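Q: I would like the atomic coordinates for the input below:
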Amino acid sequence: MIDSAEPQSSLRRALGLLRLVGAAEASGIRLKDLAEQAGCSQPTAHRALQDLAAEGFVEQVGKRYRLALDFFVLAARAGHADGLRDLAKPVLLRLSATLTDTIFLLVRNGYEAVCLDRIEGPFPIRSFTGDIGGKVPLGLGQGSLAILAHLPEPEREAVIRFNVPRLLDRGFLDEAALRVELEKARAQGWVNLNTGLIPGMAGLGVPVFDAQGRAVAALSVGTLADRLRPERLPGVVAILKAEAASLGAMLNPFDTALRHPSRSLSAVA
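A: Predicted coordinates for the structure are as follows:
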């Protein structure tokens, strides 16, 4: 006879660990602390976390564990809307109406940027992220670059080391060119891309900071290259930065969903 008690116990333990990871700081929680809080050994906690990671529910960043975006992409299909995406929706609609272009909301997930929301403009465009839920390596595309440029230096360096081969595979920047773009983005506070990787397309991205000065998201415009010429660029920059500042001022750093931006994913229409 197969004893079902152990699988049930393992499932409850994994769910308990998942809740603890979700309650931790945005930077994650160490295995030692997780095991202590869960009341189990480190090897036991480690096995459960590896299972959760294999299913895309948690991810390991250095020595810490945190919730992974794949879990929320799956949960998004339940149709619940809250947090960052809810707060940003009026901003995206306003920007799209004002600029008559396609507007994106991006968040970071490990070494990638994820499209959390998107409002279509009247002009047909192509983008690196594609539709809501689309992912690109951090550093590919204007919104992604805006986030990467404003990460704390140790995190930024770790991402650069990991992502440069991936960017080269996509025909994008080498490391030297990437660092030039990141330095420029930090200096001017926005990213303007017209790389030719997507012919006829151009984009502009700005970071969104919370009250603690963390770049938790990015707003970006995807448009036709002819619509982002030098004479129009300053006006688009000013509008986008004003809306990013407005959105950032609304963020509550003590809101769990905003400390973990991936929780803001909602249903994809």
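
Q: who's Leu193 bridged to?
A: As for beta bridges, Leu193 partners with Gly203 under DSSP bridges.

Q: from Leu173, how far out is it?
A: Going from Leu193 to Leu173 by Cβ to Cβ, to the nearest Å gives 10 Å. Glycine gets a C-beta too; all of them are placed from N, C-alpha and C.

Q: and if you look at Gly213?
A: In this view, Gly213 and Leu173 are 26 Å apart by Cβ to Cβ.

Q: of the two, give the one with the bigger neighbour count.
A: Neighbours per residue, other Cβ atoms under 10 Å: of Gly213 and Leu173, the larger number sits with Leu173, 20 against 10.

Q: check contacts around the more buried one.
A: Gly139, Leu167, Glu181 (Cβ atoms under 8 Å, 6 or more residues apart in numbering).

Q: what is the rounded mean pLDDT of stretch 146-154?
A: For stretch 146-154, mean pLDDT is 93.

Q: stretch 190-210 now?
A: Taken as a whole, stretch 190-210 has a mean pLDDT of 79.

Q: ends of it, how far apart?
A: 16 Å (Cα to Cα, to the nearest Å).

Q: quick revisit: scan the contacts of Leu173 and report the most crowded one.
A: Neighbour tally across the contacts of Leu173 (other Cβ under 10 Å): the maximum, 28 neighbours, falls on Gly139.

Q: what confidence value was assigned to it?
A: With respect to pLDDT, Gly139 has a value of 90.

Q: that one reaches Leu178, doesn't it?
A: Yes: counting by Cβ atoms under 8 Å, Gly139 touches Leu178, with 5.8 Å between them.

Q: what residues are shared contacts of these two?
A: Here Gly139 and Leu178 share the contacting residues Ile160, Val164, Leu167, Phe172, scored by Cβ under 8 Å, 6+ apart.

Q: which residues touch the first one?
A: By Cβ under 8 Å, 6+ apart, the contact set of Ile160 is Gly139, Leu148, Glu175, Leu178, Arg179.

Q: could you find the closest non-adjacent residue to the third one?
A: Sequence neighbours aside, Val164 is the residue nearest to Glu175 in space, at 4.8 Å (criterion: Cβ to Cβ, 6 or more residues apart in numbering).
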